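A.B. asks: Sharing a model prediction with you, sequence too.
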Amino acid sequence: QVQLAESGGGLVQAGGSLRLSCSASERTNRRYDMAWFRQAPGKEREFVAAITSSGRSTFYAEPVKGRFTISRDSAENTVYLQMNNLKVEDTAVYFCAADPEGTFTNDDAWAFWGQGAQVTVSS
């Protein structure tokens with residue numbers, strides 16, 4: 001069982017930046033494909049970005065392309081989400097996920113989830 005813990009959320013003004021971190025508790029040589037999803041109030045959880053276990057490939061949802069960057073420290077099994085030029089519509093709870101099977105943009109493909117980190121962008 002892998003436990004994921006997000007950190008780095010908070011309140012920021014539009015145009016500002018935040019960096020989210022997600023650490024996996026399992027101390028193992030195994031490296032997971034990992035991703036970030038988000039859920040805004042009253043909306044379904046949606047895919048934000050993903051990164052392969054090697055870190056060589058990354059994928060982004062259209063609304064965040066060019067503003068968000070996903071990266072990882074494979075030695076620590078930690079993934080990051082650097083969020084720049086934040087917009088009010090980026091306000092959501094951001095979830096870290098690991099170990100997908102199936103279409104990675106679908107949240108039901110992911111086996112392990114963190115508890116989420118609140119990101120609030122004010123105008």
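C.D. replies: Noted; the coordinates are in hand.

A.B. asks: can we go C-alpha only for contacts and neighbour counts from here?
C.D. replies: Fine.

A.B. asks: and the residue lying closest to residue 45 once chain neighbours are set aside, backbone torsions?
C.D. replies: Leaving aside its sequence neighbours, residue 45 sits nearest to residue 39 (C-alpha to C-alpha, 6 or more residues apart in numbering; 4.3 Å). Reported as degrees, to the nearest 10, the phi and psi values for residue 39 are phi -140, psi 120.

A.B. asks: ok, residue 39 - contacts?
C.D. replies: By C-alpha atoms under 8 Å, 6 or more residues apart in numbering, residue 39 lies in contact with 45, 46, 92, 93, 94.

A.B. asks: what ranges do the strands span in the protein?
C.D. replies: Secondary structure of the chain (DSSP state E): strands located at 4-7, 10-13, 18-24, 34-39, 46-51, 58-60, 68-73, 78-83, 92-100, 110-113, 117-122.

A.B. asks: Sheet-wise, list the partners of the fifth one with their directions.
C.D. replies: Strand pairing for strand 46-51, determined by DSSP bridges: strand 34-39 (antiparallel), strand 58-60 (antiparallel).

A.B. asks: swap in the last one?
C.D. replies: For strand 117-122, the paired strands and their directions (DSSP bridges) read strand 10-13 (parallel), strand 92-100 (antiparallel).

A.B. asks: Is it possible to get TSV of those strands that adds mean pLDDT and mean neighbour count?
C.D. replies: What follows is the strands paired with strand 117-122, written out as TSV (pLDDT from 0 to 100; neighbours: other C-alpha atoms under 10 Å):
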stretch	mean pLDDT	mean neighbour count
strand 10-13	97	15
strand 92-100	94	24
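
A.B. asks: Cheers, nothing more for now.
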